[in-house]
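Asker: Sequence and predicted structure, then a few things I'm wondering about:
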Amino acid sequence: MATATPPESTSPEPSRRRFLKRVTTLGAVVVAGAARPEVAGAQSGAAPERPAPDDPTKELGAPIRPYGERARFEKAVRQQFPTKTNESSWTFTPLQDSRGIITPSSLHFERHHAGVPDIDPAKHRLMIHGMVDRPMILTMDEIRRLPSVSRIYFVECSGNSLTEWAKPAAKGVQGTHGLTSCSEWTGVLLSLLLKEAGVQKGATWLVAEGADAAVMTRSIPMKKAMDDILVAYGQNGEAIRPEQGYPLRIVIPGWEGNTQVKWLRRIKVVDKPYMTREETSKYTDLMPDGTARQFTFEMEAKSVITNPSGGQKLPGPGFFEVTGLAWSGRGKIRSVEVSTDGGKSWKPAQLQEPVLRFAHVRFRFPWKWDGQEAILQSRCTDETGYVQPQLADLVKIRGVNSVYHLNAIQSWKVTAGGEVSNVHA
Ligand SMILES: Nc1nc2c(c(=O)[nH]1)N[C@H]1C(S)=C(S)[C@@H](COP(=O)(O)O)O[C@H]1N2
Ligand SMILES: [Mo]
């Protein structure tokens, strides 16, 4: 009964204080070993040291709270790639623990070139200038007064799966595919802002600039800007998280994550691409003949089985639901097939509604495992008829100098013992 009221005021026994002390100690240990202390620290605080009651109906529940947290037993966290600094780094979404198609904002993957800036929305401005009739400087309040839209889109870093070109490297799906996440974004269509500003004749590109210490800058063709690009301030029903670009970012449906400038502060309307660092020395694909592909904006169709996936263990033969995610930067996913024999035979998976353009799509496939070794694969086709390639076929065209844009079929091997691991089949 001690947990029925705030323990600080009534609890006679020192167990809570002991619990807190233990958590603090644990937190300190984890922090010392963690590449990203604030994440590790926050997690250790959620450790379920205090057992839940055997019969929850016999105790009064916890009091209401103003901002929600997930259940203390849930442990999925973003994982950081081992980079030299925490500021130019990235974290992966735990896709193996994701349900449905929306990524919780707290687990959206992150890619920062100079850390997460601390921006006061009251001081933030968006400037639109260059080849326009009416240059503008907008406050956040002014932007939020404009007609808005909400749309569900994935964001995928074109570096997703980059470790997997030559040999299977990451252990599980978080490492192989965790640089993609899917959110409902709310904001203003960029086309609306550009119409307000009055784009001049001959303006074919724009340059978007972030307010972070990297001042990340990308050139974007006017055609896409006039089509479906969002200037977003909302993510999954609340303000965009600082990690995702608070208070304002560009969301470009289907395009590589790097073009989707976070902490957006400036749009310059121009008549050519500006050849910034992020579109010359980075985010280009070196081909076998020594030339480089540039402005590879659209993320090609890709899918992956998230369960069962690398690092998991099947308890024994019997029924399993094979499930995963598919997405395409060219529009809608038309179909997903699953193979349990390393690509020799394929059967259609069921697509779960909603199936949206430029969004993650959840697929499901009932599988009766006979206890023999199996290789699980998924292969998607998008509405343009493009079929996700086998890795060998992708390498035939792209060679192995490429870093970005690996969208090949992923293979998970299931041993007779039920262990699941990352393989190249
Ligand atoms: N201003 C700014 N925008 C940025 C970046 C950045 O470092 N600074 N990183 C880019 C990269 S490489 C990617 S993949 C996406 C990642 O978006 P997310 O962190 O919301 O997942 O943001 C892009 N926009
Ligand atoms: Mo990226």
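Answerer: Yep, it's here. Ligands and ions are numbered 1, 2, ... in the order given.
Asker: Show me where the chain dips below the pLDDT cut-off.
Answerer: Across the chain, the ranges flagged by pLDDT under 70 are 1-48.
Asker: give me the residue from it nearest ligand 2.
Answerer: C157 (3.3 Å; CB to the ion). Placement of C-beta: from N, CA and C, glycine included.
Asker: quick one: that residue and E110 touch, right?
Answerer: No: in this structure, C157 is not within contact of E110 by CB atoms under 8 Å, at 9.5 Å.
Asker: Look up the residues that both of those two are in contact with.
Answerer: Both C157 and E110 are in contact with W90, where contact means CB atoms under 8 Å, 6 or more residues apart in numbering.
Asker: Next, count neighbours for the residue of the chain closest to ligand 2.
Answerer: Burial of C157 is recorded as 23 neighbouring residues (other CB atoms under 10 Å).
Asker: and what of S191?
Answerer: What S191 shows, counting by other CB under 10 Å, is a neighbour count of 18.
Asker: what about L193, which SS state?
Answerer: helix (DSSP: H, G, I helix; E, B strand; the rest coil).
Asker: next one: V322
Answerer: Per three-state DSSP, the local secondary structure of V322 is strand.
Asker: Give the burial count for it, as a bare number.
Answerer: 21.
Asker: going forward can the numbers begin at 38, since that is how I track them
Answerer: Sure, I'll start numbering at 38, so the last one becomes V359.
Asker: host element of the closest residue to it other than its chain neighbours?
Answerer: Closest residue in space to V359, ignoring its immediate chain neighbours: F402 at 4.2 Å, by CB to CB, 6 or more residues apart in numbering. Assigned by DSSP states H and E, F402 belongs to strand 398-406.
Asker: Show me what that strand is packed against.
Answerer: Secondary-structure packing of strand 398-406 (3 or more CB pairs under 8 Å, 6 or more residues apart in numbering; DSSP states H and E): strand 355-364, strand 370-376, strand 387-388.
Asker: The residue nearest the centre of the chain bridge partners, please.
Answerer: Geometric centre of the chain, nearest residue: S218, 2.5 Å, by CA atoms, centre = their mean. Beta-bridge partners of S218, counted by DSSP bridges, are V192.
Asker: now do V169
Answerer: Under the criterion used here (DSSP bridges), V169 is bridged to V236.
Asker: So it is in contact with G239, correct?
Answerer: No: the pair V169 / G239 is not scored as a contact, 11.8 Å apart, by CB under 8 Å.
Asker: Which one's more surrounded, these two?
Answerer: The neighbour count for V169 versus G239, taken as other CB under 10 Å, is higher for V169 (20 against 8).
Asker: Could you list the paired strands of the strand holding F402 along with their orientation?
Answerer: Strand 398-406 has the following sheet partners, assigned by DSSP bridges: strand 355-364 (antiparallel), strand 387-388 (antiparallel).
Asker: To K208, which of these lies closest?
Answerer: Shortest distance between K208 and the strands paired with strand 398-406, using CB to CB, is found for strand 355-364: 16.9 Å.
Asker: Can you tell me what sits against the closest one?
Answerer: Contacts of strand 355-364 (CB under 8 Å, 6+ apart): 132, 135, 138, 191, 193, 217, 219, 336, 338-346, 351, 370, 373, 375, 377, 386, 388, 395-406, 413, 415, 417.
Asker: residues contacting the closest residue to D265 other than its chain neighbours?
Answerer: Sequence neighbours aside, P290 is the residue nearest to D265 in space, at 5.2 Å (criterion: CB to CB, 6+ apart). P290 sits next to 188, 190, 265-267, 366, 394-395 when contact means CB under 8 Å, 6+ apart.
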